[in-house]
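J.: sequence first, then the predicted structure, then my questions.
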Amino acid sequence: MSYENLSGRTAVVTGAASGIGESVAVLLAAHGARVALLARRGERLEELAAKIRADGGQALAVVADVTDDASVRAAKERIQEAYGSVDLVVNNAGVMLPHPIDDGRADEWQRMLDTNVAGVLRVIRAFTADLVGAAAEGRTADLVNISSVGAHITFPNYAVYGATKAAVTYLSQSLRGEFGPRDVRVTNIEPGLTATELGSHVGSAELAGELDGMFEGIGGLAAEEVADVIAYVTSRARHVNLRQIMVLPTRQA
Ligand code: NDP
């Protein structure tokens, strides 16, 4: 696979402490991008940054909470000091907290809305000027939002999570109208079942068991396989926009 357009890029990956974000960071760095790693667990990020550097790549661990305005602003300043302006943003941090709607888990609804929707917006706000500026200089500029198959297909008890992902898919579609004319490419990635830590936060034992059953029955994608798609789309020539990709295990498709 050729990823020729990644060398020399400056990337920000949110949710880089595990799963898809970690794999994307490794792959982008392996192909010559400088990668800022954002998440809340600093130790994980430092370990990953050290691994990337040991393999000859460039990475910067930046502790940040996408639900917190000041934290995202501080992260942006730290990245700009270290790396200058950013031209590739992977908006990947997310949480999935399913429950029957009757349980009325307003705390979980708020956390998902704040992370998966408002968090994505905070990161977009922080880096819009960088992306637009990079594109104006003739560089390739990418905004990649990680949505989900759940944006289109409903799963009982996952209504609020699905709604947050539908919002991300809608945002990507809509933002293309604002960014596209300025050569900032917006790509929406919609993974299906992928083996990561996402399911480990499911609070209901019954729903956690159901999810395990799905992995046993269908078999999930590896995080690296989703990362491969993201590296592929961001490494195309800048006038080529693979704008929306649903990537599922074949048995889920
Ligand atoms: P993981 O749980 O492994 O990764 C989620 C990442 O987000 C972690 O690194 C976590 O790090 C970070 N994160 C969570 N909350 C915050 C926050 N408030 N601020 C900053 N970072 C945060 O799961 P995945 O890799 O699977 O998830 C990545 C994305 O993929 C999510 O948006 C998810 O919805 C989406 N997705 C996943 C699918 C799957 O089957 N796995 C299917 C479809 C979509 P930390 O806790 O250290 O902050």
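T.: Received it, and whenever you're ready, just let me know what you need. Numbers count the residues shown, from 1 in each chain.

J.: only C-alpha atoms from now on, for both contacts and neighbour counts.
T.: Noted.

J.: who touches the host helix or strand of D212?
T.: Element membership for D212, per DSSP states H and E: helix 205-218. Applying C-alpha atoms under 8 Å, 6 or more residues apart in numbering, the external contacts of helix 205-218 come out as P98, H99, L193, A195, G199, S200, V202, P249, R251, Q252.

J.: the ligand contacts on this structure?
T.: Neighbours of the ligand within the chain, by C-alpha under 6 Å from any ligand atom: 14-21, 39-41, 64-67, 92-95, 115, 146-148, 191-198.

J.: show me the contacts for V144.
T.: L88, V89, V90, N91, V186, T187, N188, I189, I230.

J.: mind doing that once more with 7 Å?
T.: Going by C-alpha atoms under 7 Å, 6 or more residues apart in numbering, V144 touches V89, V90, N91, V186, T187, N188.

J.: what residue ranges in this structure score low on pLDDT?
T.: Low-confidence segments of the chain, defined by pLDDT under 70, span residues 1.

J.: longest strand of this structure?
T.: The strand that spans the most residues within the chain, counting by DSSP state E, is strand 184-191.

J.: how close does the nearest residue to V202 once chain neighbours are set aside sit to A70?
T.: Residue nearest to V202 in three dimensions, not counting chain neighbours: L97, with 5.3 Å by C-alpha to C-alpha, 6 or more residues apart in numbering. Computed as C-alpha to C-alpha, to the nearest Å, the L97 to A70 distance reads 25 Å.

J.: same question, G199
T.: 28 Å.

J.: repeat for A64
T.: Taken as C-alpha to C-alpha, the span from A64 to A70 is 9 Å.

J.: which one's more surrounded, the two?
T.: Of the pair A64 and A70, A64 is the one with more neighbours under other C-alpha atoms under 10 Å, namely 23 against 13.

J.: so who does the more buried one touch?
T.: If a contact means C-alpha under 7 Å, 6+ apart, then A64 has L38, A39, R40, S71, V72, A75 as its contacts.

J.: for Q252, same thing?
T.: Counting by C-alpha under 7 Å, 6+ apart, Q252 makes contact with I218.

J.: so how far is G19 from it?
T.: Counting by C-alpha to C-alpha - Q252 and G19 are separated by 19 Å.

J.: quick one on the thing from earlier: tabulate the contacts of A64 (CSV), appending secondary structure and neighbour count.
T.: Shown next, in CSV, are the contacts of A64 (DSSP: H, G, I helix; E, B strand; the rest coil; neighbours: other C-alpha atoms under 10 Å):
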residue, secondary structure, neighbour count
L38, strand, 27
A39, strand, 22
R40, coil, 17
S71, helix, 17
V72, helix, 22
A75, helix, 23
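
J.: ok, so of those residues, who is nearest S174?
T.: Relative to S174, the closest of these is V72; by C-alpha to C-alpha it sits at 22.9 Å.

J.: go ahead and confirm that closest one touches V63.
T.: No. In this structure V72 lies outside contact range of V63 using C-alpha atoms under 7 Å: 9.2 Å.

J.: so which residues of this protein form helices?
T.: 19-30, 42-54, 69-83, 106-112, 119-136, 159-179, 205-218, 223-234 (DSSP state H).
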